[in-house]
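**Q** based on what follows, work out the 3D shape:
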Amino acid sequence: MNDTNMPRPAWREPLVWLVFGIPAVAVVALVWMLFIAAGPGSTDSVDPAVKRTAQIQVADLGPDEAASRLRLAALLRIDGKALEVLPLHAGFDTATPLKLALRHPTRADLDQEVTMQPTASGWRAPLELDLAHDWKLELAPQDGHWRLQGRLPRGQLSARLQPVAPG
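**A** Predicted coordinates for the structure are as follows:
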């Protein structure tokens, strides 16, 4: 009898490996992508208090509108190992300290908040800032009745802070 007529086992056929192997690899890759997408650190850090009503996300824009009505704007400047905020328009109470929140775009554990003390030209606080990544900025008085926001791109030494809502 001749060996060429004998059927080979299924596991020795290359087509069987393709038929079952490719979908199996796709399923494993799908599970891995879902794990990465929904795992820890998968979303931006969001600080403001947010309410959800009927699937609509609602944030309080009152402080932004107040800053817009007062026509407030400022410049954040990094001066060596200190941060300096310079007012760009009148309307600031230059005798009171301000809160500056520096938020990492993706890691909330790197977020920082400093109190800016009044100086002759604006406000200043000692802080050595890591410029290897972007920062989201939020400047407000201690009572929080207005708010200015901005973004400090990686490696940049200054950023404009302004109201988000139009006034």
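**Q** how close does the most centrally placed residue in the chain get to Lys136?
**A** What sits nearest the mean C-alpha location of the chain, by Cα atoms, centre = their mean, is Pro105, with 2.1 Å. Distance check for Pro105 against Lys136: by Cβ to Cβ, to the nearest Å, it reads 6 Å. (Glycine included, C-beta is placed from N, CA and C.)
**Q** can you tell me the SS state at Ala67?
**A** Assigned with DSSP: H, G, I helix; E, B strand; the rest coil, Ala67 falls in the helix class.
**Q** domains for this structure, by residue range?
**A** The chain breaks down by automatic domain parsing into domains covering 3-38, 60-161.
**Q** and those domains, which is most packed in?
**A** domain 60-161 (a mean of 16; mean count of other Cβ atoms under 10 Å).
**Q** all strands for the protein, in order.
**A** 50-53, 56-59, 74-79, 82-87, 98-103, 112-118, 123-126, 135-141, 148-152, 158-161 (DSSP state E).
**Q** turn the domains of the chain into a markdown table, columns for mean pLDDT.
**A** Listed next are these as a markdown table, based on pLDDT from 0 to 100:
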| stretch | mean pLDDT |
| --- | --- |
| domain 3-38 | 87 |
| domain 60-161 | 88 |
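**Q** show me what contacts Trp146?
**A** Applying Cβ atoms under 8 Å, 6 or more residues apart in numbering to Trp146 gives the contacts Pro63, Asp64, Ala66, Ala67, Leu70, Leu72, Ala140, Pro163.
**Q** nearest to Gly122 among those residues?
**A** Nearest to Gly122 among these: Leu72, at 12.5 Å, using Cβ to Cβ.
**Q** give me the distance between the spatially closest residue to that closest one that is not a sequence neighbour and Ala29.
**A** Spatial nearest neighbour of Leu72, chain neighbours left out: Gly91 (5.4 Å); criterion: Cβ to Cβ, 6 or more residues apart in numbering. Using Cβ to Cβ, Gly91 is found at 55 Å from Ala29.
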